[in-house]
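1. have a look; sequence and predicted model below, questions after that.
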Amino acid sequence: MNRLLVFLLAALDALIVVAVGVALVLAPMTLLWAFGLGLEADWSALWPVSGTVWQLGHFVPVEVSLPEELLLLGGLSEQAGEFGVSLAPSALAVFTAVLGYRSGARAARAGAWPTGVGAGTLVVAVLASVIAATSATQVATVPPVGAILAPALVFGVPALIGALVRAWSDGDGGLVDAVSDRLPDAVQDAVDAAVRGLAICLTGLVGLGALLLALLFVLRGGEIVALTQAAHADLLGVVVLSLGAAFYLPTLVVWFAGFVAGPGFAVGTGTAVSPAGTSLGPIPGIPVLGVVPESTSTWLLLLALLVVGVGAFAGWFVRGMLLTGQPDAESLRPRIVALAGLAVGSALGAATLAWAAQGALGPGRMAELGPEPGALALAVGLEIGLGAAIMLFSPRPADEYSGEPAPVSPEVSSAAPLD
């Protein structure tokens, strides 16, 4: 496909991604302004608030400085008037990243992935700069460079990954093919298998977190309802709280993925929620935080075996892809490469997820929430590596190999054929 056409299509992809992402924030904010604040609302503040929320959803930290009259009205101290908010409503970033991945894959399929990825990332950066320039206020400020780079990276990095995956699979007649041609066939097979296995590992880890979160929503639904009632929210307030919880749902999934893996997460400075023990102080009365358990049992440390099981399944899948020919043809080097890819890739993926799910949500104790990236990366890398190593290096019967049929007993071979 013509490079100019790829450039234009990728730019259109990026424009749609940003426009829809902003609309996801602006639409409920408009309803809130119309039905919650009434005709006397300051409509000039609608766009700055919506733009700031979109930026926060793409990991742009926001510094909040409350005006003095608002502090006096709420009886707050001056120290509480300035604080940072960096815990992202990551559903917005997930939306941008998924569509960025698909845009990069389409550009690679068209045969011009560098052009497509570059065009999409550039357009997102330009639009992010426009949003930053038009939504700036004295109450909420963002770093100018971060306001441009963070959304561009949220789109551009997944777009690059999608392009490289597609180009590695289908070929691109350029850089990716040049690298692939220099690698031995066994290493190429190991890389292919490891990438697929890594996708299984990260999907399984996130799935375990989502499963535990869904279970806690059921078991602690009464606590969530009680916190909602304590907030004395009307129908519009309940809708706003529900939308906020939906935007933070991927963040909570990563929190409880960290719980399953072992290290857990924090809900404030000096707190810990993990299978080894839970230490909680006063936490905000946000209804969705009602899913956080007040106490845990050390028996829950066995949940880490589920992560080991995910690694074992990935190792079994990868080894099945590597099996070729006779049993003695199963080389050790591809399995070592695949194991390293699974363990290191899972650790890096877990650290990235933990970084995206941590941050500040207010002053004081609310300055630290979420899992610690280093601890989660270490735990996930070890657990996935252990499970994968068991399946990659355990002995297997000869008849499981693709080139060796199962032996036929003499009794069966000499039996008379059935009519």
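-> Happy to help now that I have it.

2. center of this structure, which residue is that?
-> The central residue of the chain, meaning the one whose C-alpha is nearest the mean C-alpha position (Cα atoms, centre = their mean), is residue 353 at 5.0 Å.

3. so that one versus residue 86, what's the distance?
-> 16 Å (Cβ to Cβ, to the nearest Å). Just so you know, the C-beta spots here come from the backbone N, C-alpha and C atoms, and that holds for glycine as well.

4. do the same with residue 277
-> Taking Cβ to Cβ as the criterion, residue 277 is separated from residue 86 by 27 Å.

5. more neighbours, the two?
-> For residue 277 versus residue 86, neighbours defined as other Cβ atoms under 10 Å are more numerous around residue 86 (17 against 12).

6. show the backbone phi and psi for the more buried one.
-> Dihedral angles phi and psi of residue 86 (degrees, to the nearest 10) take the values phi -140, psi 0.

7. do the same with residue 360
-> Summarising the backbone geometry of residue 360 under the convention degrees, to the nearest 10, its torsions are phi -110, psi 150.

8. how about the nearest residue to it, chain neighbours excluded?
-> The spatial neighbour of residue 360 that comes closest, neighbours along the chain excluded (Cβ to Cβ, 6 or more residues apart in numbering), is residue 367 at 4.5 Å.

9. residues of stretch 373-385 that come out buried?
-> Residues of stretch 373-385 classed as buried under the neighbour-count rule (16 or more other Cβ atoms under 10 Å) are 373, 375-385.

10. of those residues, which belong to helices?
-> Residues of those located in helices (DSSP state H): 373, 375-385.

11. from these, which is closest to residue 168?
-> Distance to residue 168, by Cβ to Cβ, is smallest for residue 384 among these, at 22.0 Å.

12. report how many residues lie close to the closest residue to residue 176 other than its chain neighbours.
-> In space, not counting the residues next to it along the chain, residue 176 is nearest to residue 167; the distance is 4.2 Å by Cβ to Cβ, 6+ apart. In terms of burial, residue 167 registers 25 neighbours under the definition other Cβ under 10 Å.

13. so who does residue 167 touch?
-> With contacts taken as Cβ atoms under 8 Å, 6 or more residues apart in numbering, residue 167 has the following neighbours: 108, 113, 176-177.

14. buried sites along the host helix or strand of it?
-> Under the assignment given by DSSP states H and E, the secondary-structure element containing residue 167 is helix 144-170. Residues of helix 144-170 classed as buried by neighbour count (16+ other Cβ under 10 Å): 146-168.

15. all strands of the protein, in order?
-> Per DSSP state E, the chain carries strands over the ranges 62-65, 82-85, 140-141, 266-267, 272-274, 277-279, 369-370.

16. most tightly packed of those?
-> Mean neighbour count, computed with mean count of other Cβ atoms under 10 Å, is highest for strand 369-370 among these, reaching a mean of 24.

17. contacting residues around it?
-> The contact list for strand 369-370 (Cβ under 8 Å, 6+ apart) reads 87, 251, 254-255, 265-268, 354, 357-361.

18. any stretches of the stretch 51-200 of the chain with poor pLDDT?
-> Within the stretch 51-200 of the chain, the set of residues satisfying pLDDT under 70 comprises 69-80.

19. rerun that using 90 as the cut-off
-> Scanning the stretch 51-200 of the chain with the threshold set as pLDDT under 90 gives 64-84, 108-114, 135-141, 165-195.

20. give me every residue that touches the residue nearest to the centre of the chain.
-> Residues in contact with residue 353 (Cβ under 8 Å, 6+ apart) are 202, 205-206, 254, 257, 376.

21. nearest to residue 68 among those?
-> Nearest to residue 68 among the contacts of residue 353: residue 254, at 37.2 Å, using Cβ to Cβ.

22. tell me the contacts of that closest one?
-> The neighbourhood of residue 254, defined by Cβ under 8 Å, 6+ apart, consists of 90, 206, 209, 353-354, 356-357, 370-371.
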